[in-house]
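*Asks:* only the shape, not the letters, is given here:
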C-alpha cells in the first residue's frame, strides 16, 4: 500500500521551531529543575521559573509561587503571561519528600506530599491548558520518578504522588490531544544533585551497583529528555512515560 505524502486534516498545524517559546518550569532554582530551565534558556526560549524563595538561573524570570495555593498558581501564570506571553511549554517539576515508614507516617506527611507533587501538578496543568487550548498547541511535561512504578520503602506518599502523575498525563493526552497539546511524563532515577552528593560514598556506590549503567545520572541528561519532548521531533509523542534511570526500573 502506498503512503500518501499529503498532510491530513488530523495532523497538527506547524509549530514554531525557531521563535522563542514561553516556557514555565516549576521548582527551577536547583537540581533537575534548574538544569531543565538552563537547557531551555540555552535554546533561546523565554523561560520563567517558579520558586518559593528565589534563585532562578540567570536570564530566567523568577516568579514566586507555592503550588499548593491555587490563587498563587493563577497569579504566577498571569505574571508569566504578561512578560512572555501564554505558556507554550509547562514543566511541572516542583516536588517535596517526607520519608518515613508507613506506620510512622502522619496524616500531614501524606497530605503535604500529595498536595504538592500531585495536586500541585493538577493545578499547573489546568491553568496552562487554558492558554494552550486558545493557541491550539502546547507541551505539558510532568516530572515523576522511577519509584512511581518501582516502589520504595519509606516513600509510600512520594511513590503515590509520582504514580498519580502517570494517570494525570494519560488522561490529559486524551483530553487535549485533538488541540495539538501533548502531555508526557519523565521519570528520573538516581540523579546527581545536591541531595545525592551529601550521601556517604558507600551509599552512593550501593545505589550505582543497582543501576545497569553502573552510575548515577546527570541532571543535564534529564533536561535533554525534557527539551526533546518539548521540541518538534516529539510532536507525535503523547501519553508516554520516559524513564531516565540508567535501566533501574526497566520492566516496571
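*Replies:* Yes, it's here. In this text the structure is predicted, and so the values were computed from the model without any measurement.
*Asks:* C-alpha only now, for contacts and for neighbours.
*Replies:* Will do.
*Asks:* residues contacting the closest residue to residue 116 other than its chain neighbours?
*Replies:* Spatial nearest neighbour of residue 116, chain neighbours left out: residue 68 (5.5 Å); criterion: Cα to Cα, 6 or more residues apart in numbering. Contact partners of residue 68, counting by Cα atoms under 8 Å, 6 or more residues apart in numbering, are 115, 116, 119, 120.
*Asks:* just the pLDDT for residue 68.
*Replies:* For residue 68, the model assigns a pLDDT of 96.
*Asks:* Validate this expectation: it resides in a helix.
*Replies:* No: using DSSP: H, G, I helix; E, B strand; the rest coil, the assignment for residue 68 is coil, not a helix.
*Asks:* please pull out the lowest mean pLDDT helix or strand from this structure.
*Replies:* When the helices and strands of the chain are scored by mean pLDDT, DSSP states H and E, helix 194-197 comes last with a mean of 76.
*Asks:* helix or strand right after that one?
*Replies:* helix 201-209 (DSSP states H and E).
*Asks:* average pLDDT for that following helix?
*Replies:* On average, helix 201-209 scores 87.
*Asks:* can you report how many residues neighbour residue 201?
*Replies:* Number of residues near residue 201 (other Cα atoms under 10 Å) recorded here: 11.
*Asks:* tell me how far it lies from residue 153.
*Replies:* The gap separating residue 201 from residue 153 is 21 Å, by Cα to Cα, to the nearest Å.
*Asks:* returning to what we had before: can you tell me how far the residue nearest to residue 116 is from residue 243?
*Replies:* Applying Cα to Cα to residue 68 and residue 243 gives a distance of 26 Å.
*Asks:* which parts of the helix or strand where residue 35 lies are buried?
*Replies:* In the assignment (DSSP H and E), residue 35 maps to helix 31-42. Within helix 31-42, the residues that count as buried by 16 or more other Cα atoms under 10 Å are 31, 32, 33, 34, 35, 36, 37, 38, 39, 40, 41.
*Asks:* which one of these is nearest to residue 197?
*Replies:* Ranked by distance to residue 197 (Cα to Cα), those are led by residue 31 at 11.1 Å.
*Asks:* neighbours of the closest residue to the closest one other than its chain neighbours, how many?
*Replies:* Nearest residue to residue 31, sequence neighbours excluded (Cα to Cα, 6+ apart): residue 193, at 5.4 Å. Using other Cα under 10 Å, residue 193 has 15 neighbouring residues.
*Asks:* residue 193 reaches residue 219, doesn't it?
*Replies:* Yes: with contacts counted by Cα atoms under 8 Å, residue 193 reaches residue 219, the gap being 7.2 Å.
*Asks:* list the contacts for residue 218?
*Replies:* Residue 218 touches 191, 192, 193, counting by Cα under 8 Å, 6+ apart.
*Asks:* export the residues you listed to a markdown table and tack on pLDDT and distance to residue 80?
*Replies:* A markdown table is the format used below for the contacts of residue 218 (pLDDT from 0 to 100; distance: Cα to Cα, whole Å):
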| residue | pLDDT | distance to residue 80 |
| --- | --- | --- |
| 191 | 95 | 29 |
| 192 | 92 | 30 |
| 193 | 85 | 27 |
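*Asks:* got the residues you listed as a markdown table, with distance to residue 157 columns?
*Replies:* Below are those laid out as a markdown table (distance: Cα to Cα, whole Å):
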| residue | distance to residue 157 |
| --- | --- |
| 191 | 20 |
| 192 | 22 |
| 193 | 21 |
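*Asks:* mind listing the strands for the stretch 1-150 of the chain?
*Replies:* 22-26, 46-51, 61-64, 89-92, 138-143 (DSSP state E, counting those that start in this stretch).
*Asks:* adding distance to residue 129, mean pLDDT and mean neighbour count, write those strands out as JSON lines.
*Replies:* Compiled in JSON lines, the strands of the stretch 1-150 of the chain are given as follows (distance: least, Cα to Cα, whole Å; pLDDT from 0 to 100; neighbours: other Cα atoms under 10 Å):
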{"stretch": "strand 22-26", "distance to residue 129": "13", "mean pLDDT": "98", "mean neighbour count": "26"}
{"stretch": "strand 46-51", "distance to residue 129": "17", "mean pLDDT": "97", "mean neighbour count": "26"}
{"stretch": "strand 61-64", "distance to residue 129": "19", "mean pLDDT": "97", "mean neighbour count": "21"}
{"stretch": "strand 89-92", "distance to residue 129": "9", "mean pLDDT": "98", "mean neighbour count": "27"}
{"stretch": "strand 138-143", "distance to residue 129": "8", "mean pLDDT": "98", "mean neighbour count": "28"}
